[in-house]
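Novice: sequence and computational prediction follow.
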Amino acid sequence: MHTPSPVYNLDEDDESYVPYIPVVQRRQEKLAKLSSLGVSSDKNNSRKVQEDLDEREDAQREEEARREKARKERTLLLEAQEVHSKKAAEDSKKTAGEKAQEIDAEILEAIRSRRKLASDMELAQGIQYTEPLKTSWRPPRYIRERTAEQDQKLREKYHIVVEGEDIPRPIEHFQDMKIPGPILEYLRSNRIINPTPIQLQGIPVAFSGRDIIGIAFTGSGKTLAFCLPLIMMSLEEEMKLPFIRGEGPVGIILCPSRELANQTYDNVVTWCSALAKDGKYPQLNSLLCIGGISMNEQSHVFNKGLHIVVATPGRLIDMLEKKRFTFNNCKYLCMDEADRMIDLGFEDDNQRQTLLFSATMPKKIQDFARESLIKPVLVNVGRAGAANLDVLQVVEYVKQEAKMVYLLECLQKTPPPVIIFSENKNEVDDIQEYLLLKGVEAVAIHGSKTQEERRYAITSFKSGAKDVMVASGVASKGLDFNDIQHVIIYSMPKEIEDYVHQIGRTGRSGKTGIATTFVNMNTPEQTLLDLKYLLLEAGQKVPPFLSTIEDPRAAQTRSGSITGCPVCGDATLYYPFLPLNSKPFEMGASQSKSDSPDEKVFQSETPISFSPDVVNQLADRLDTPETTPERQSILDAHIRARIRDELEHLKRDEATVRQEIEQALEKENLDRETTMAGETLTSSSEEGGSESTTGSVKNSAALLGDLEEIRAKIERHQSNKKSTEYPEVEANGAAVADCYRKNKDQPLLCVSEVTKFKAAVDRLEQASHLQFHLDCYF
Ligand SMILES: Nc1ncnc2c1ncn2[C@@H]1O[C@H](COP(=O)(O)OP(=O)(O)OP(=O)(O)O)[C@@H](O)[C@H]1O
């Protein structure tokens, strides 16, 4: 059978025929459609976005232009004010401690980031010198044969403190230092006969090729201590093989100001000329390398070999960059007033001796220097940063608007020459102008004056043609003018080190001088505190407005984080360095008796406490007393005078206390008798009869505790065998103990009497403690 073939009706459904499209294909088509729709909407979107962006860019551009315009219109002053107020707002949120920490961190970071005093070549080649420079100098035999104890005795005699390995011996006479005869003669003709303490230890150290950190007070002869070794080293080199053009320098002395460099250069030239004068020794050539002068003027020096360069950092770096000279032969680098380190980036690989000298040297710089130098010797005459004791320091409160007028009055304290310091250049000009108007022969010097003006000011003042020099900080470091009688600090510098340098322009090389400082509301409190401590340390009078300033850090002392006595660490005592009852110098009528700071301090019942800094300063001071026996005796006299005053006060106090105690006891007995009599008379049950008594007396147990404490103190005081050497203190102690014993069995004292009694004993203990240590050390 035949199966019919399928019939397809092609015509019928032709129109409505929809060919089959697989699902996958359909989905793809749909997706394509959707995505094409999407693209077009994306296109629309992106156009929109682009427009937005353009708009935004335009707005930004406009804003930028507006800001630029505003920036141009704004003065620097406004910007500075803004930055300042922003910083002030930030600062106000910080505590004093945080601020101090920040400053410390900044200093440390600055120091850390500086390279050590090694040359580029040394650093690149990894060369590290570990031994000091070798020199041919040796002290005479009799000095070499001295024992270490003898050396130490000599140092003690001159109050020199040394630190370091294998320290060269001190030498008491210039002749024994093997200094050439012509120089010795020249020094003698200028009344430089015997070395000062910094010289008698510093020069042998430098002659031996050792690195040195030399610290000694202002005007104590540091310049000679570092110039002489360089002259000797140059002489030796020149005598070995004469220098020719392009050779040298042998050494360099870096100074912080042009004026100081000039002065040091003059000294070097004079000493070198004295050396060459009789033809026995060659002429050594020196170059002054400072800003503000044309180096071509010194082309004659460049034409010969160069031995010594005295420079300020900026010009020196400039000269090195221009390769006017190199450090290929440089063996000696000295930084005068080295309380700021600089990095010169030497490019040679010479071994070199480094010397740092200053009257003030922050501990951090000392530490850094010790790390950077090779087996350095620290020669310390007096505490770094301490004021020269030959300067009488007077601090006066003068209102800002009254300063100028008072200045005239102040100038009459001494005859000329007088230096007036101000921190502000405009103020320097104003003061000079005012003085000139008043007929005072005054010159002025500050950083904005031309080199010619600066030179004129210095020379006319030095020669005595002008009586007064008004100066900004520029002239404060190192400048040595003849016999300045009086330094007036018109505006107190912020840094106490600067103050030390400024007052140090007077009282030089053993002479005495006066420094008057104006302070007022504008002086920052921290500066005033530093000043107060410095005055205390130097045994000077502290005016009332300074003595009442509280040290915020003192709270730390009270909280026990700082020990009381810097010598023995007795934490039970606050260490009132001195209650200032003495007047080492009488300064006429500048202060009336009624507002004497001394009384104010003494009246205060709370012991004076000191900041860590001061405690350290005191410790340093006790460890490193002053230089010469004369200075020592001045210091001793001041301190002893104060202690005597303190003891007098104590005695007076004690007598009053005793009298008051007796009166209190009498009153007590009387009250008791009256009460008892009243009780007997009334025979009533009233218990309020003795209320007046019980109200005024302290609980017996507590009182006994107080008395026990007093007794323990007195016993401790008396059992201190060494204190028996001080009969005054001892007698006082005995008197108080007696008073205690007398009242021991009748512990019904008024609370206020006990408090007074305790305070007297405390003060007695402080005084005896103080005297004990001072006597041990001074
Ligand atoms: N051995 C000495 N005997 C007497 N006078 C000296 C002696 N040495 C230096 N002098 C004189 O002492 C004065 C001060 O010296 P110098 O300028 O070197 O002091 P300084 O310690 O560098 O002071 P400053 O810290 O202020 O720079 C100078 O006039 C100097 O001539």
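Specialist: Arrived safely. Numbers count the residues shown, from 1 in each chain.
Novice: next up, the contacts around Asp530.
Specialist: 496, 499 (CB atoms under 8 Å, 6 or more residues apart in numbering). C-betas here are computed from N, CA, C, even on glycine.
Novice: check the secondary structure at it for me.
Specialist: Judged by DSSP: H, G, I helix; E, B strand; the rest coil, the three-state class of Asp530 is helix.
Novice: relative to Glu537, how far out is it?
Specialist: Going from Asp530 to Glu537 by CB to CB, to the nearest Å gives 11 Å.
Novice: ok, now Ser448?
Specialist: On the measure of CB to CB, Ser448 and Glu537 end up 35 Å apart.
Novice: looking at those two, which has the bigger crowd around it?
Specialist: Glu537 (20 against 12; other CB atoms under 10 Å).
Novice: Asn388 is in contact with the more buried one, correct?
Specialist: No - using CB atoms under 8 Å, Glu537 is not in contact with Asn388, being 11.9 Å away.
Novice: how about the residues of the protein by the ligand?
Specialist: 192, 195-196, 199, 216, 218-224, 359, 478, 480, 504, 508-509 (CB under 6 Å from any ligand atom).
Novice: just the ones of those residues in strands?
Specialist: Counting by DSSP state E, these place Ala216 in strands.
Novice: which among the residues of the chain next to the ligand count as buried?
Specialist: The neighbour-count test (16 or more other CB atoms under 10 Å) applied to the residues of the chain next to the ligand identifies 192, 195-196, 199, 216, 218-224, 359, 478, 480, 504, 508 as buried.
Novice: in helices only, show me the residues you listed.
Specialist: When those are checked against helices (DSSP state H), the matches are 199, 222-224.
Novice: what's the farthest-apart pair in these?
Specialist: Gln199 and Thr223 (9.7 Å; CB to CB).
Novice: so for the helix or strand hosting Glu62, what's the average pLDDT?
Specialist: Assigned by DSSP states H and E, Glu62 belongs to helix 23-73. Mean per-residue pLDDT for helix 23-73: 67.
Novice: what's the answer for stretch 217-232, then?
Specialist: Rounded mean pLDDT across stretch 217-232 is 93.
Novice: put the alpha carbons of that stretch into CSV.
Specialist: Provided in CSV are the C-alpha atoms of stretch 217-232 (Å, rounded to 0.1, in the frame of the first residue of the first chain):
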residue,chain,number,x,y,z
PHE,A,217,81.3,82.4,80.2
THR,A,218,81.3,85.6,78.1
GLY,A,219,84.5,87.6,78.1
SER,A,220,86.7,84.8,79.4
GLY,A,221,89.2,84.7,76.5
LYS,A,222,87.9,81.9,74.3
THR,A,223,89.1,83.7,71.1
LEU,A,224,92.7,83.3,72.0
ALA,A,225,92.0,79.7,73.0
PHE,A,226,91.0,78.7,69.5
CYS,A,227,93.0,81.1,67.4
LEU,A,228,96.4,80.4,68.9
PRO,A,229,96.3,76.6,68.0
LEU,A,230,95.4,77.5,64.4
ILE,A,231,98.3,80.0,64.1
MET,A,232,100.7,77.4,65.5
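Novice: buried residues, stretch 151-170. List them.
Specialist: Here stretch 151-170 shows 151, 154-155, 158-162, 164, 167-170 as buried, counting by 16+ other CB under 10 Å.
Novice: go on, stretch 251-267?
Specialist: For stretch 251-267, by 16+ other CB under 10 Å, it's 251-265, 267.
Novice: tell me the secondary structure at Tyr142.
Specialist: Applying three-state DSSP: Tyr142 is helix.
Novice: from the ligand, how far off is it?
Specialist: Distance of Tyr142 to the ligand, given as CB to the nearest ligand atom, to the nearest Å: 22 Å.
Novice: and if you look at Thr147?
Specialist: Thr147 is 26 Å from the ligand, by CB to the nearest ligand atom.
Novice: okay, strands next: where are they in the chain?
Specialist: 160-163, 212-216, 251-254, 286-289, 308-311, 332-336, 353-358, 377-381, 391-397, 418-421, 442-445, 468-471, 486-489, 513-519.
Novice: any chance of those strands in a markdown table, with distance to Glu409 too?
Specialist: Below are these laid out as a markdown table (distance: least, CB to CB, whole Å):
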| stretch | distance to Glu409 |
| --- | --- |
| strand 160-163 | 41 |
| strand 212-216 | 34 |
| strand 251-254 | 40 |
| strand 286-289 | 40 |
| strand 308-311 | 40 |
| strand 332-336 | 36 |
| strand 353-358 | 34 |
| strand 377-381 | 36 |
| strand 391-397 | 10 |
| strand 418-421 | 13 |
| strand 442-445 | 16 |
| strand 468-471 | 14 |
| strand 486-489 | 11 |
| strand 513-519 | 10 |
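Novice: ok, and the closest non-adjacent residue to Pro256?
Specialist: Glu337 (4.9 Å; CB to CB, 6 or more residues apart in numbering).
Novice: what's the answer for Gln366, then?
Specialist: Per CB to CB, 6+ apart, closest to Gln366 is Ile213, 6.1 Å.
Novice: need the pLDDT of that neighbour.
Specialist: 91.
Novice: kindly report the same for Pro524.
Specialist: Reading off the model, Pro524 has pLDDT 89.
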